[in-house]
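*Asks:* Starting from these lines, generate the structure:
(chains A and B)
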Amino acid sequence: MTIEAPDLSLAALAPLLFVFGAACIGVLVEAFGPRDSRHPVQVAVALVGTLGGLVTTVLLAGTREVTAGGALAVDGAGLFLQATIAGLGALSLLLFAERNLDPARSAFVVSAAVPAGSVRDRELLTVQRVQTEVYPLATFAIGGMMLFVTANDLLVMFVALEVLSLPLYLISGLARRRRLLSQEAAVKYFLLGSFASAFFLYGVALVYGATGTVRLAGVREAVAGAEGGTLVVLGLALLVVGLLFKASVAPFHTWTPDVYQGAPTPVTAFMAACTKVAAFGAILRLLYVAFGTEEWTWRPLVYGVAIVSMVIGAVLGLTQTDLKRMLAYSSVAHAGFLLTGVLGLPATGDAAGSGLPAVMFYLLAYGLTTLGAFAVLTLVRSGEGEATHLSQWAGLAQRSPLTAAVMSLFLLALAGIPLTSGFTGKFAVFRAAIEDGAWPLALVALLASAVAAFFYLRVIVLMYFSEPAVDGPTVGVPGLPTTIVLAVTAAATLLLGIVPGAVLGLADRAAIFVG
Amino acid sequence: MTDVAIGTGEAVVFWILGPVALAGALGMVFSRNAVHSALWLVTTMLSLGVFYVVQSAPFLGAVQIIVYTGAIMILFLFVLMLVGRDSSDSVVETLRGQRVAATVLGVGFAGLVGAGIARATRDTGIEGLGDAGGTGNIETIAGVLFTRYLLAFEVTSALLITAAVGAMVLAHIEREPGSRQTQKELSRARFLTDRPQTLPGPGVFARANSVATGALLPDGRTAEDSLATGIEPREVEQMPRPTGRAQLGSPDAALGTTDEPR
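*Replies:* Sure thing, here's the model as predicted:
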């Protein structure tokens, strides 16, 4: 028996190779690098990897190719999302590398294995060393996400889901301060995440049982040929549950507030921005490429889930007193807004509908804004670490006008006020939903936006129109990495709001799935 | 594909091992003891392995038995033994009504999926594996693994690296260079104290051997340094000390006892 080698287009694989290569080199640095120089080297390796991934995706623009034996679909939408993930990932890595804010020099623990609260732990609290494994782990997660959005095969999609999840479970538990909270978050995320992965895997098995293939294109053909029936519907439902969990869509969102709050803030920023892009990329590809002809099976499901997610995110966000939890519920609400765009996908074979580019643009805009918002959270600190309670933010504008202004910008963008990227994104997804006849959904989305705007504006009012507390938090002076992140995200939030044309056009041209 | 009839042997194997596999799965869920759970799971996996072999997938069956029951379950048991066999889950409900809700939803979900699958597969005919089974089994798997599923296979390595790095991060404590004392230093330090010999173990000469029971010295007092720190010492009833004529006999009686003057 002879085996023919599968076609492997190294060019199409280049972004993934860059990122995974950087992660492997990072592991080697961890093993052999001298301890003193590990931190700068790890940061450099991780940044070279992710930026290399970003540059190669940009160079690949226009490619439409299925490679690696049909397991990888490198197409416009995939490359756009890959570039988004690589860019947001590089920015998150910069946040990871910040060493100027905490007096103890980093948001990450010195040694994760030392029991929290032990004598040794207290000794290590002021040591400047860091568990530098976070950089290769985060790079692996970025690689997994980039694979996730281009997977053309349910099996590769599952492996990518695990590759992106496993490092996230780990790095959520590595906070330097409030370690028990952080470890609890990691355990919760791990248990619920593996449960969701099991759902996804069961769905893959059922779809394979019904159609005899795991290739998305094969599934599409089999489904269009009306094979399977019940089994396909069950499989599709389970697959979607697994993906909606990762995208933190209500009612699969219960992990989100706890994990967002417990994880180190740079990791929270990374999860909020990149995981969302990856999960929605996979949802789009799955629903559109594999089940595009089965539209009337998933449409009511997505419709209902979008409403639940927007309402739960907006209403529960109102009751939060912790900023990280508030942003977590905001991410649940935004997941609902994104789903309204997903509904705008065209049912026909060609990608002429406005849903896909709208969701892609929204993901980019939301990722940048939320990353910036979490970056601002790392600046405001009290003696015990970050001051995330709402009351501590009272009168912040008097203490640091610039921080308050930047935070206000991000909050306005999250609320979807015109002249910010949030408005453009929301406009695009709502228009897609309305064009597709889902105007009741757009109406609910508008109401939910109004409710959500209330809790964003409440923070702004608190910052500008309250007297500062006497023993309030201090605003740290960020080092170069966080400054870069804040500058890039704030500029992007403004630019995508004022002159979104170029990026919207890019998303429009890129909105093509092959497979 | 041709229609294949199920042979008698296959049917017999299925009807014997099917209930066994199911019982193993249920036992795994319902056992209170974690080790019993693991052993029930071994039963299920062995049964599944036999099923695979019977369905002409010998390679998969062997892998199932070697990898799952052989390696993974042994790791499970290792971990259980390290964590402590006695550690068990708290049975207190932290959220009211959670258990009832979980049971109802779980059974409902299982019923839904089970009914769906039963409905969908009711009229499915039996098909053999054809060329893929039998002797071609391993070659077919190798062929698929290195062509169609090459990417998945390669990317799994990222998963394994992550798992290894993660285990190191969570479990390995780096010692400061020079913070670990050598045997020589430890023994010197010990001989500088008042008690170079080992401490007496708990329960020596006492009537109980629990760690909470102090050792007894020859004169009947409790040896304080045999008690572990952080443990409430337990008063154990002492052996009755020899008193009176019945125990001691006459020569001792002549000497008298210390307990009570006659």
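*Asks:* Nearest the geometric middle of chain B, what residue?
*Replies:* Geometric centre of chain B, nearest residue: B:Leu80, 2.9 Å, by Cα atoms, centre = their mean.
*Asks:* show me what contacts that residue?
*Replies:* Going by Cβ atoms under 8 Å, 6 or more residues apart in numbering or on different chains, B:Leu80 touches B:34-35, B:38. For every residue, glycine as well, the C-beta is placed using N, CA and C.
*Asks:* let's go with 6 Å and repeat that
*Replies:* If a contact means Cβ atoms under 6 Å, 6 or more residues apart in numbering or on different chains, then B:Leu80 has B:34-35 as its contacts.
*Asks:* now do A:Val406
*Replies:* A:376, A:490 are the contacts of A:Val406 under Cβ under 6 Å, 6+ apart.
*Asks:* Pull up the residues of the stretch 51-200 of chain A that are close to chain B.
*Replies:* The stretch 51-200 of chain A comes close to chain B at residues A:68-69, A:71-72, A:112-114, A:133, A:140, A:155-156, A:159, A:162-163, A:166-167, A:170, as judged by Cβ under 6 Å from any Cβ of the partner chain.
*Asks:* Pull out the buried residues from those residues.
*Replies:* Neighbour-count burial (16 or more other Cβ atoms under 10 Å in any protein chain shown) applied to these gives A:68-69, A:71-72, A:112, A:114, A:133, A:140, A:155-156, A:159, A:162-163, A:166-167, A:170.
*Asks:* Looking at these, which two lie furthest apart in space?
*Replies:* The span of those, defined through Cβ to Cβ, is set by A:Gly69 and A:Val114 at 45.3 Å.
*Asks:* Low-confidence ranges, the stretch 101-250 of chain B, go.
*Replies:* Residues of the stretch 101-250 of chain B meeting the criterion pLDDT under 70: B:125-136, B:202-206, B:209, B:230, B:236, B:238-250.
*Asks:* Please read the previous query as pertaining to the stretch 151-300 of chain A.
*Replies:* Residues of the stretch 151-300 of chain A that meet the criterion pLDDT under 70 lie in A:226-228.
*Asks:* Narrow the residues of the stretch 51-200 of chain A next to chain B to those in strands?
*Replies:* Members of these lying in strands (criterion: DSSP state E): A:Leu72.
*Asks:* Show me where the stretch 251-400 of chain A has its helices.
*Replies:* Taking DSSP state H, counting those that start in this stretch as the criterion, the stretch 251-400 of chain A carries its helices at A:255-262, A:265-270, A:276-285, A:295-318, A:323-343, A:355-377, A:396-399.
*Asks:* Same question for chain B.
*Replies:* B:8-30, B:34-54, B:58-63, B:73-83, B:98-121, B:137-146, B:150-171, B:183-191, B:244-255 (DSSP state H).
*Asks:* and A:Val74, backbone torsions?
*Replies:* Here is the backbone geometry of A:Val74 (degrees, to the nearest 10): phi -100, psi 100.
*Asks:* Skipping adjacent residues, who's closest to it in space?
*Replies:* Nearest residue to A:Val74, sequence neighbours excluded (Cβ to Cβ, 6 or more residues apart in numbering or on different chains): A:Ala12, at 4.2 Å.
*Asks:* Check which helices and strands the helix or strand where that neighbour lies sits against.
*Replies:* Per DSSP states H and E, A:Ala12 falls inside helix A:10-32. Here helix A:10-32 touches helix A:38-59, helix A:134-148, going by 3 or more Cβ pairs under 6 Å, 6 or more residues apart in numbering or on different chains; DSSP states H and E.
*Asks:* what about A:Asn100, neighbour count?
*Replies:* Applying other Cβ atoms under 10 Å in any protein chain shown, we find 15 residues neighbouring A:Asn100.
*Asks:* just A:Leu91 next, same as before
*Replies:* For A:Leu91, the neighbour count with other Cβ under 10 Å is 27.
*Asks:* nearest residue to it other than its sequence neighbours?
*Replies:* A:Val485 (5.1 Å).
*Asks:* For that neighbour, give me the pLDDT.
*Replies:* As predicted, A:Val485 sits at a pLDDT of 94.
*Asks:* Identify all contacting residues around the stretch of helix or strand it belongs to.
*Replies:* Element membership for A:Val485 (DSSP H and E) is helix A:480-498. Surrounding helix A:480-498, the residues in contact under the criterion Cβ under 6 Å, 6+ apart are A:91, A:94-95, A:97-98, A:365, A:368-369, A:371-372, A:375, A:406, A:409, A:413, A:419-421, A:423-424.
*Asks:* got the angle between the next helix or strand after that helix and helix A:480-498?
*Replies:* Next helix or strand after helix A:480-498 toward the C-terminus (DSSP H and E): helix A:501-510. Counting by axes from the mean of the first three to the mean of the last three Cα atoms, to 10 degrees, helix A:501-510 lies at 80 degrees to helix A:480-498.
*Asks:* which parts of the stretch 51-200 of chain B sit against chain A?
*Replies:* With Cβ under 6 Å from any Cβ as the criterion, the stretch 51-200 of chain B meets chain A at residues B:116, B:119-120, B:139, B:143, B:147-148, B:150-152, B:155-156, B:158-159, B:162, B:165-166, B:169-173.
*Asks:* Need the buried ones from those selected in ChimeraX.
*Replies:* Per 16+ other Cβ under 10 Å, the buried members of those correspond to this ChimeraX selection:
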select /B:116,120,143,147,148,150,151,152,155,158,159,162,165,166,169
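*Asks:* quick one, the helix or strand containing A:Ala198 and helix B:98-121 angle?
*Replies:* Secondary structure from DSSP H and E places A:Ala198 in helix A:179-211. Helix A:179-211 runs at 20 degrees relative to helix B:98-121, counting by the same axes, to 10 degrees.
*Asks:* Tell me the buried residues in helix A:179-211?
*Replies:* Residues A:179, A:181-186, A:188-190, A:192-193, A:196-197, A:199-204, A:206-211 are the ones in helix A:179-211 that count as buried (16+ other Cβ under 10 Å).
*Asks:* Could you identify the helix or strand that succeeds that helix?
*Replies:* Following helix A:179-211 toward the C-terminus (DSSP H and E): helix A:216-224.
*Asks:* right, and the helix or strand after that next one?
*Replies:* Using DSSP H and E, the helix or strand that follows helix A:216-224 in sequence is helix A:230-246.
*Asks:* Check which helices and strands that next one sits against.
*Replies:* helix A:179-211, helix A:276-285, helix B:98-121.
*Asks:* Same list (those) but as JSON lines, adding distance to A:Val232.
*Replies:* What follows is those, written out as JSON lines (distance: least, Cβ to Cβ, whole Å):
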{"stretch": "helix A:179-211", "distance to A:Val232": "5"}
{"stretch": "helix A:276-285", "distance to A:Val232": "17"}
{"stretch": "helix B:98-121", "distance to A:Val232": "8"}
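*Asks:* Would you tell me which of these gets closest to B:Val42?
*Replies:* Smallest distance to B:Val42 across the helices and strands packed on helix A:230-246 (Cβ to Cβ): 20.1 Å, for helix A:179-211.
*Asks:* Neighbours of A:Ala510, how many?
*Replies:* Residues near A:Ala510, counting by other Cβ under 10 Å, number 21.
*Asks:* which ones are touching it?
*Replies:* The neighbours of A:Ala510, taking Cβ under 6 Å, 6+ apart as the test, are A:76-77, A:80.
*Asks:* If you rank these by neighbours, which is first?
*Replies:* The most crowded member of those, judged by other Cβ under 10 Å, is A:Phe80 (28 neighbours).
*Asks:* Which secondary structure element is home to that one?
*Replies:* A:Phe80 is located in helix A:76-96, with elements delineated by DSSP H and E.
*Asks:* counting contacts, what elements does that helix pack onto?
*Replies:* So helix A:76-96, by 3+ Cβ pairs under 6 Å, 6+ apart, packs with helix A:38-59, helix A:134-148, helix A:265-270, helix A:276-285, helix A:355-377, helix A:480-498, helix A:501-510.
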